[in-house]
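Colleague: Quick one, what's the 3D model for this:
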Amino acid sequence: QVQLVESGGGLVQAGGSLRLSCAASGTIFSINAMGWYRQAPGKQRELVATVTSGDRTNYADSVKGRFTISRDNAKNTMYLQMNSLKPEDTAVYYCNAEGVTYSSYGRTLPFNSWGQGTQVTVSS
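Modeller: Down below sits the predicted model:
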């Protein structure tokens, strides 16, 4: 199994910055795409940004120019640098990873894992 652990959330004033981290651990053969999603109270979970193993990135229009996604493949870790934060960025942020893991029989299997979420609160 593959586990994801997020860190770096917190309370910040509007205009401030935060950096989220997501560390993957477990029986990992390879990680293909990784991404950040967020869910605000009363709203559906939405995509924030994704990054492929080849560092191709994709961003939601609402965060373009303010957020930067990156990953360290050697450490199986992904980051989200969030600048110029706005109150509407307040949400629980989740990381997601998909790739290939090993079964107990040593065969490779696809996986799609989620972290437990980290709260980001931006005050006005």
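Colleague: From residue 6, how far out is the residue lying closest to residue 89 once chain neighbours are set aside?
Modeller: Spatial nearest neighbour of residue 89, excluding adjacent residues (C-beta to C-beta, 6 or more residues apart in numbering): residue 122 at 5.1 Å. (Glycine included, C-beta is placed from N, CA and C.) Distance, residue 122 to residue 6, by C-beta to C-beta, to the nearest Å: 17 Å.
Colleague: do residue 69 as well
Modeller: 13 Å.
Colleague: now do residue 97
Modeller: Remark: distance between residue 97 and residue 6 (C-beta to C-beta) = 11 Å.
Colleague: try residue 29
Modeller: Using C-beta to C-beta, we find residue 29 at a distance of 22 Å from residue 6.
Colleague: which one of those two has more residues nearby?
Modeller: Set residue 29 next to residue 6 and count neighbours by other C-beta atoms under 10 Å: residue 6 wins out with 22 against 13.
Colleague: in what helix or strand does that one lie?
Modeller: Using DSSP states H and E, residue 6 sits in strand 2-7.
Colleague: picking up where we left off before, now the helix or strand where the residue nearest to residue 89 lies: average pLDDT?
Modeller: Secondary structure from DSSP H and E places residue 122 in strand 118-123. Regarding strand 118-123, the rounded mean pLDDT is 98.
Colleague: what's the answer for stretch 35-47, then?
Modeller: The pLDDT scores in stretch 35-47 average 97.
Colleague: Could I get the buried residue list for that stretch?
Modeller: Applying a neighbour-count criterion of 16 or more other C-beta atoms under 10 Å, one finds 35-38 buried in stretch 35-47.
Colleague: out of the residues you listed, who's nearest residue 21?
Modeller: Ranked by distance to residue 21 (C-beta to C-beta), the buried residues of stretch 35-47 are led by residue 36 at 10.6 Å.
Colleague: How about the closest one: which residues does it bridge to?
Modeller: According to DSSP bridges, the partner residues bridging residue 36 are residue 49, residue 95.
Colleague: go on, residue 59?
Modeller: With DSSP bridges as the rule, residue 59 is bridged to residue 49.
Colleague: ok, now which ones touch it?
Modeller: 48-49, 67, 69 (C-beta atoms under 8 Å, 6 or more residues apart in numbering).
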